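Visitor: model this:
(chains A and B)
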Amino acid sequence: MDFQFLLELTVNGALTGWMYSLVALGIVLIYKSSGVPNLAQGAMVMIAAYLVWVFSSMLALPIVLALLLALVAMFFLGLLTERLLLRRMVGQPIIMVVMLTLGLESLLRGIGPGFLGAAPKSLDLGLNMMPIIVGEVFINREYLVGAAIGGVMVVLSLLFFRTRVGTKLRAVSDDHVSSWAVGISVERAVGISWGLAGIAAVAAGAMWGSVQGVDWTLTTLLFPAIAVVILGGLDSIYGVLVAGLIVGVLGSVIPGYVDPLVGGGTRDVVTSLIILLTIMFRPHGIFGREDIERV
Amino acid sequence: MFYRLSGIKHTRYVSARALWPIPADRRILYVLGALALLAPVLLSDLYLTSYMLPWLIWTAAALSLTLLMGMAGQLHFGFAAVLAIGAYTSIHLTRAGVPFELALLGAGLSSAVIGSAFGAAALRVKGLYLVMATLSMQYLVEWVIVNVPAISGGAQATLNTPDVRFLFVPLQSDASLYYMALLWTVVVTLLLLNIRRSSFGRALVAVRDKDFAAAVIGVNPVRFKLLAFFVSSFLGGVTGAILAFCYYQAVTPEQFGFNVSIQLVAMVLVGGLGSVIGAYLGAGFVLLLPILLTNLLAGAAQIDWLPISFNLIAHIPLMVYGALIIGVILFEPLGLAKIYDNLRKYFLVWPFRHTQS
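Guide: Next up, the predicted model:
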């Protein structure tokens, strides 16, 4: 076995995994506060990437300004989604909520490419494209930056949960009714968590858009992100980092060795198996809170 | 004269429990049945094969899924994989020389066996986790079909369905294909209507409402969850075979992708969970509305009424479909079946506002 090859797969897989964490973070933020599984997060990432592209390429703004504008826009898009769609779904069965977010996914997937053109667009963040060579391992610089941003975002959200607003969010994630009882606006807290998910979507959209171009395929990031979320635990923020690492490494090393034998597409199989095995053996994930069902 | 409940007094349980206890409903049904039988004469070939036929087959698929999701309450986001198993099994069986009738049965059985494996997840988890588990199984089945050349016939391959005959009638003409689909849809419809009022159906409903409570009153939840998966996957497998032979006639794995699974769930939800008429309405809506709207807009764009680009028109079905799902869930969570039910009840007692009971 070629150790060099294994090391390269592992390192790049770990970096990709942390970039998945960027997408997964949005799902966890929303699930933690409101118990809504946001299957539209992939589409939100795509819309965010389109927004960054519109601001930076179509309007020719500097990239920092474009990112800031996209952050503001996505924050309000998240708030709006919660206000218009999800707030009416309180108390509805989970299947309705899941389908609503999937409907939103289709809608966004139509709107983005429909109005801005379906051809892949390149998003230039002004990063140096040259790979970094450590020893004899090639490391993709964009992935490195993406992974770093993923880590920073997770740490930032952990810190955010220690602030005043964050404490309210934690209270809401514990129990809606008792939060109401002590005077916390649950609606506003859930709305803020959607806004934060929008911000996470901008970070994910900018990084992934720069890596693989901006088009509808960004929505397919949802699937590995779900694996990360399920493995790490649906309501655990640092679980996102650990699970991202695992999903990324397994999703890179196993296809690296098995793909040549079976003819490709093993990455999705690994992702599916991670989801399936986690659900069968430890449904609440590594760090998630175990649900206790009252009869 | 107009009051359609006039003179209806059920004096025996048998007549009260009939499928359609009200003669007015039966009359509508006779008219619809006659129209369905005469459709090959009444409709042009284009409408028959590109609208009626897929609508009927997708209705059958939605009915199979609504048995599982609506009656037994088990969420299933991988039903397209079940259809795919049925389609591929039937094609390989008929190619091996098995008669079509037996191949349909084999398609149903193989789907039912593999579909019950999906059900194994349902024994462990429910709700959101079941959605994720079935979703990942959909990917697994899809990958196996694509990557095993013995099943898909090699990468990027298309399998053509061989010429077959069903009960000595060759399935060649458009009309014969249509009648085959109609026959199967009617069979599934009658089956579902009758399951609802049998002990099996009541057990499924008990498990749906609360599995622990069902166990307390003596309904074994494990058994009925698995049975629900088995029966629904059997119906789905045969529907997949019918879909392959009557509609697609050339099968590729992409026709049974993840999006198709979502589309099936959308049909069931838009129609109304657990409703039989809802499956018809939901399949029609989800399948035909985006097509109709696109044709309308494309027509308007062609004569320069609407200055929209070709790219936008290509994405409109996706937007309509998403908006349709969101709209129905927000404004009528019980689905189109509820709208139909309201209308029916209004006209049932017309010219009065309501009846005594």
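
Visitor: Run the contact check for the host helix or strand of residue A:274 versus chain B.
Guide: Under the criterion of DSSP states H and E, residue A:274 resides in helix A:266-281. Yes. Helix A:266-281 is in contact with chain B by CB under 8 Å from any CB of the partner chain, via A:268-269, A:271-273, A:275-276, A:279-280. (C-beta placed from N, C-alpha, C; glycine too.)

Visitor: can you pick the most crowded of the residues you listed?
Guide: When the residues of helix A:266-281 next to chain B are compared by neighbour count (other CB atoms under 10 Å in any protein chain shown), residue A:275 ends up highest, at 27 neighbours.

Visitor: right, and it touches residue B:133 too?
Guide: Yes. Using CB atoms under 8 Å, residue A:275 is in contact with residue B:133, at 7.0 Å.

Visitor: which residues touch the residue in the stretch 101-250 of chain B that chain A sits nearest to?
Guide: For the stretch 101-250 of chain B, the residue closest to chain A is residue B:136, as judged by CB to the nearest CB, at 3.8 Å. In this structure, residue B:136 makes contact with A:271-273, A:275-276, A:279, judged by CB atoms under 8 Å, 6 or more residues apart in numbering or on different chains.

Visitor: all strands of the chain, in order?
Guide: In the absence of a named chain, this looks at chain A. A:132-134, A:137-139 (DSSP state E).

Visitor: other chain: chain B
Guide: In order along the chain, chain B carries the following strands (DSSP E): B:159-160, B:165-166, B:169-170, B:250-251.

Visitor: can I get these in CSV with distance to chain A and mean neighbour count?
Guide: Formatted as CSV, the entries for the strands of chain B read as follows, by distance: least, CB to the nearest CB, whole Å; neighbours: other CB atoms under 10 Å in any protein chain shown:
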stretch, distance to chain A, mean neighbour count
strand B:159-160, 18, 17
strand B:165-166, 36, 16
strand B:169-170, 38, 11
strand B:250-251, 19, 18
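
Visitor: Out of the ones you listed, which is closest to residue A:80?
Guide: Shortest distance between residue A:80 and the strands of chain B, using CB to CB, is found for strand B:250-251: 42.2 Å.

Visitor: contacting residues around residue 62?
Guide: In the absence of a named chain, chain A is used. Counting by CB under 8 Å, 6+ apart, residue A:62 touches residue A:56.

Visitor: could you do chain B instead?
Guide: Each residue near residue B:62 by CB under 8 Å, 6+ apart is listed here: B:264, B:267-268, B:271, B:279, B:282-283.

Visitor: got it, and residue A:77?
Guide: Contacts of residue A:77 by CB under 8 Å, 6+ apart are A:44, A:47, A:198.

Visitor: Tell me the pLDDT of the residue nearest to the spatial centre of chain B.
Guide: Computing the C-alpha centroid of chain B and ranking residues by CA atoms, centre = their mean puts residue B:62 first, at 1.7 Å. The confidence metric pLDDT takes the value 94 at residue B:62.

Visitor: Equivalent analysis for residue B:129, please.
Guide: Note for residue B:129: predicted pLDDT of 88.

Visitor: same check, this time on residue B:263
Guide: The predicted local confidence for residue B:263 is 89.

Visitor: thinking it is in contact with residue B:283, fair?
Guide: No. The pair residue B:263 and residue B:283 does not pass the contact test of CB under 8 Å, sitting 9.5 Å apart.

Visitor: Settle it for me: which of those two has more neighbours?
Guide: For residue B:263 versus residue B:283, neighbours defined as other CB under 10 Å are more numerous around residue B:283 (28 against 22).

Visitor: what about the stretch 101-250 of chain A, any weak spots by pLDDT?
Guide: Counting by pLDDT under 70, the stretch 101-250 of chain A shows low-confidence ranges at A:128-129.

Visitor: Which positions in it make contact with chain B?
Guide: Counting by CB under 8 Å from any CB, the positions of the stretch 101-250 of chain A adjacent to chain B are A:102-111, A:113-115, A:117-118, A:223, A:226, A:230, A:234.

Visitor: let's see 6 Å
Guide: Remark: the part of the stretch 101-250 of chain A in contact with chain B comprises A:102-103, A:106-107, A:109-110, A:113-114, A:117-118, A:230, using CB under 6 Å from any CB of the partner chain.

Visitor: Would you point out the most distant pair within those residues?
Guide: A:117 and A:230 (34.0 Å).

Visitor: Distance of residue A:177 relative to chain B?
Guide: Using CB to the nearest CB, to the nearest Å, one gets 20 Å for the distance from residue A:177 to chain B.

Visitor: List the contacts of that residue.
Guide: With contact taken as CB atoms under 6 Å, 6 or more residues apart in numbering or on different chains, residue A:177 is in contact with no other residue.

Visitor: before we move on, the earlier item: mind putting the strands of chain A into a markdown table with mean neighbour count and distance to residue B:203?
Guide: Written out in a markdown table, the entries for the strands of chain A read as follows (neighbours: other CB atoms under 10 Å in any protein chain shown; distance: least, CB to CB, whole Å):
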| stretch | mean neighbour count | distance to residue B:203 |
| --- | --- | --- |
| strand A:132-134 | 10 | 62 |
| strand A:137-139 | 15 | 58 |
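
Visitor: how about CSV for the ones you listed, with distance to residue B:201 added?
Guide: Below are those laid out as CSV (distance: least, CB to CB, whole Å):
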stretch, distance to residue B:201
strand A:132-134, 63
strand A:137-139, 59
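
Visitor: so what does the helix holding residue A:274 touch, helix or strand wise?
Guide: Based on contacts counted as 3 or more CB pairs under 6 Å, 6 or more residues apart in numbering or on different chains; DSSP states H and E, the elements that helix A:266-281 packs against are helix A:222-232, helix A:237-262, helix B:128-147.

Visitor: nearest to chain A, of the contacts of residue B:62?
Guide: residue B:268 (9.4 Å).

Visitor: For the spatially closest residue to residue B:285 that is not a sequence neighbour, give me its contacts.
Guide: Nearest residue to residue B:285, sequence neighbours excluded (CB to CB, 6 or more residues apart in numbering or on different chains): residue B:270, at 5.5 Å. Neighbouring residues of residue B:270 by CB under 6 Å, 6+ apart: B:282, B:285-286, B:328, B:335.

Visitor: now do residue A:280
Guide: Residue A:280 makes contact with residue B:124, according to CB under 6 Å, 6+ apart.

Visitor: let's see 8 Å
Guide: Residues touching residue A:280, when contacts are defined by CB under 8 Å, 6+ apart, comprise B:121, B:124, B:133.

Visitor: What count of nearby residues applies to the residue nearest to residue A:108 when sequence neighbours are not counted?
Guide: Distance criterion CB to CB, 6+ apart; nearest residue to residue A:108, sequence neighbours excluded, is residue A:43 at 3.7 Å. Burial of residue A:43, expressed as a neighbour count using other CB under 10 Å, amounts to 28.

Visitor: what's the answer for the one 3 residues further on, then?
Guide: By the other CB under 10 Å criterion, the neighbourhood of residue A:46 contains 31 residues.

Visitor: Quick check: the gap between the closest residue in space to residue A:75 that isn't next to it in sequence and residue A:42.
Guide: Distances taken as CB to CB, 6+ apart place residue A:195 nearest to residue A:75, at 4.2 Å, with adjacent residues excluded. In this structure, residue A:195 lies at 18 Å from residue A:42, with CB to CB, to the nearest Å as the measure.

Visitor: Looking at those two, which one has more neighbours?
Guide: Neighbours per residue, other CB under 10 Å: of residue A:195 and residue A:42, the larger number sits with residue A:42, 28 against 22.

Visitor: Near chain A, which residues of the stretch 201-350 of chain B? Just list them.
Guide: Within the stretch 201-350 of chain B, the positions lying close to chain A (CB under 8 Å from any CB) are B:210, B:212-213, B:262, B:265-266, B:269, B:273, B:311-312, B:314-326, B:329-330, B:333.
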